[in-house]
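Peer 1: structure for the following, please:
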Amino acid sequence: MHALLDLHPDVATALAARRPVVALESTIISHGMPWPRNAETALRVEDEIRVHGAVPATIAIIDGRLKAGLSREQIEQLGRAGHAVAKVSRRDMALLVARQGTGATTVAATMIIAALAGIRVFATGGIGGVHRGAPLTFDVSADLQELARTPVAVVCAGAKSILDLGLTLEYLETHGVPVLGYRTAELPAFFTRDSGFAVDARMDAPSDIARVMQAQWALGLSAGLVIANPIPPEHAMPRERIDAAIAQALAEAKAQGISGKASTPFLLARVTDLTGGDSLASNIELVLNNARLGAAVAVAFAGLPREVA
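Peer 2: Next up, the predicted model:
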């Protein structure tokens with residue numbers, strides 16, 4: 001085990017026994033939702049994974065230590081601190097560890113720590129991507145580069161709809177990252193089930209996804225995979241309403257000079273305000289839905305023959 005990595009006892013036991021484990025990010029706790037709903041949601045997501053046969057491993061950096069699996073108290077600590085907690089991507093990890101600091105991990109940092117722990121499946125809300133206007137700003141999420149080099153399968157509701165989804169898919173294609181649609185041939189757009197963009201392949205069963213993961217890494221291909229899981233129909237939002245809220249939030253962010261790592265939390269918070277809280281409710285439901293699929297994929301992957309998985 002990595003010298004800077006601590007495994008929660010439940011996670012350590014599961015990994016030693018080759019039982020299914022699902023990684024979870026912690027930025028959604030500190031930066032994605034207000035207290036106390038953030039901690040309540042994180043605990044609900046962990047319970048959802050347990051109910052579906054896997055062990056949850058919420059990931060963070062606490063007092064300079066990489067953590068794969070958090071206690072209830074640690075989750076509540078991140079939730080109460082909110083935006084006062086550092087938002088940690090790949091470039092921030094060494095500095096935070098050296099200073100023995102505490103930070104919530106983005107998709108990219110969560111993938112790194114999950115891979116160090118030997119966890120192959122990670123469930124989140126939506127991945128980052130190429131931001132609108134990126135040809136001028138070069139604002140591209142580190143999540144995409146991490147997917148290109150870290151062997152973890154990421155279950156998500158597609159890329160966040162505040163992004164340029166077409167360019168995000170182009171980036172993933174260029175870097176050899178398969179985008180698999182779970183029971184869909186179209187990339188979901190976070191709050192909505194469709195985007196107008198096709199995925200690389202439709203998968204109709206978790207076992208099919210697990211075999212693609214197996215083949216990807218058996219071939220020596222180091223990239224991760226995107227498993228795009230549409231939000232349940234009853235919790236999806238009308239595209240016109242979301243598009244209008246996003247357009248207004250983007251205009252406000254530009255007027256206020258908000259960019260970089262501050263942009264996504266700002267935009268999601270404004271979209272929540274502009275939709276009267278409906279987008280937050282949808283966000284919670286899509287995360288729970290991804291946790292269920294993540295557990296099913298992890299169970300299927302753990303059941304593959306050891307010599308090739």
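
Peer 1: what's near enough to touch Arg120?
Peer 2: Arg120 is in contact with 114, 151-153, 213, 298, 301, counting by Cβ atoms under 8 Å, 6 or more residues apart in numbering. Where C-beta positions appear, they are placed from N, C-alpha and C, glycine not excepted.

Peer 1: could you do Ala215 as well?
Peer 2: So Ala215 contacts nothing (Cβ under 8 Å, 6+ apart).

Peer 1: give me the buried positions along the helix or strand in which it is found.
Peer 2: Secondary structure from DSSP states H and E places Ala215 in helix 206-218. Judged by neighbour count using 16 or more other Cβ atoms under 10 Å, the buried positions of helix 206-218 are 206, 208-214, 216-217.

Peer 1: export these to CSV and append columns for pLDDT and distance to Ser141.
Peer 2: Putting those into CSV (pLDDT from 0 to 100; distance: Cβ to Cβ, whole Å) gives the following:
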residue, pLDDT, distance to Ser141
Pro206, 98, 26
Asp208, 98, 27
Ile209, 98, 23
Ala210, 98, 26
Arg211, 98, 28
Val212, 98, 23
Met213, 98, 22
Gln214, 97, 27
Gln216, 97, 21
Trp217, 97, 23
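
Peer 1: the residues you listed: which two are farthest apart?
Peer 2: Farthest apart among these by Cβ to Cβ are Pro206 and Trp217. That separation is 16.9 Å.

Peer 1: elements contacting the longest helix seen in the chain?
Peer 2: Secondary structure assigned by DSSP state H gives helix 278-302 as the longest helix of the chain. Applying 3 or more Cβ pairs under 8 Å, 6 or more residues apart in numbering; DSSP states H and E, one finds that helix 278-302 contacts strand 21-24, helix 37-51, strand 121-123, strand 153-156, helix 206-218, helix 263-274.

Peer 1: pLDDT weak spots in this protein?
Peer 2: 1, 261, 307-309 (pLDDT under 70).

Peer 1: ok, Asp194 - how many residues close by?
Peer 2: For Asp194, the neighbour count with other Cβ atoms under 10 Å is 15.

Peer 1: that one contacts Ala185, doesn't it?
Peer 2: No: with contact defined as Cβ atoms under 8 Å, Asp194 does not reach Ala185; the gap is 9.8 Å.

Peer 1: which residues does stretch 69-79 contact?
Peer 2: Counting by Cβ under 8 Å, 6+ apart, 7-12, 26, 29-30, 35-36, 38-39, 42-43, 56-60, 62, 67, 85, 102, 104 sit against stretch 69-79.

Peer 1: now the buried members of those.
Peer 2: Buried members of these, scored by 16+ other Cβ under 10 Å, are 7-8, 11-12, 26, 29-30, 38-39, 42-43, 56-60, 62, 67, 85, 102, 104.

Peer 1: contacting residues for the spatially closest residue to Val154 that is not a sequence neighbour?
Peer 2: Take Val154 and drop its neighbours on the chain: the residue closest to it by Cβ to Cβ, 6 or more residues apart in numbering is Phe122, 5.1 Å away. Applying Cβ under 8 Å, 6+ apart to Phe122 gives the contacts 22-25, 107, 110-111, 114, 152-155, 294.

Peer 1: next: Gly181.
Peer 2: 187-188, 199, 201-203, 228, 230.

Peer 1: next, find the distance separating the most centrally placed residue in the chain from Pro135.
Peer 2: Closest to where the C-alpha atoms of the chain average out (Cα atoms, centre = their mean) is Thr124, at 3.1 Å. Note on Thr124: its distance to Pro135, by Cβ to Cβ, to the nearest Å, is 26 Å.

Peer 1: what's the answer for Ala108, then?
Peer 2: For Ala108, the distance to Pro135 (Cβ to Cβ) stands at 22 Å.

Peer 1: who's more crowded, these two?
Peer 2: Comparing Ala108 with Pro135 by neighbour count (other Cβ under 10 Å), the higher total belongs to Ala108, at 24 against 10.

Peer 1: hang on, the more buried one packs against Arg90?
Peer 2: Yes: using Cβ under 8 Å, Ala108 is in contact with Arg90, at 5.0 Å.

Peer 1: between the two, which contacts overlap?
Peer 2: With Cβ under 8 Å, 6+ apart, Ala108 and Arg90 have common neighbours 142, 145-146.
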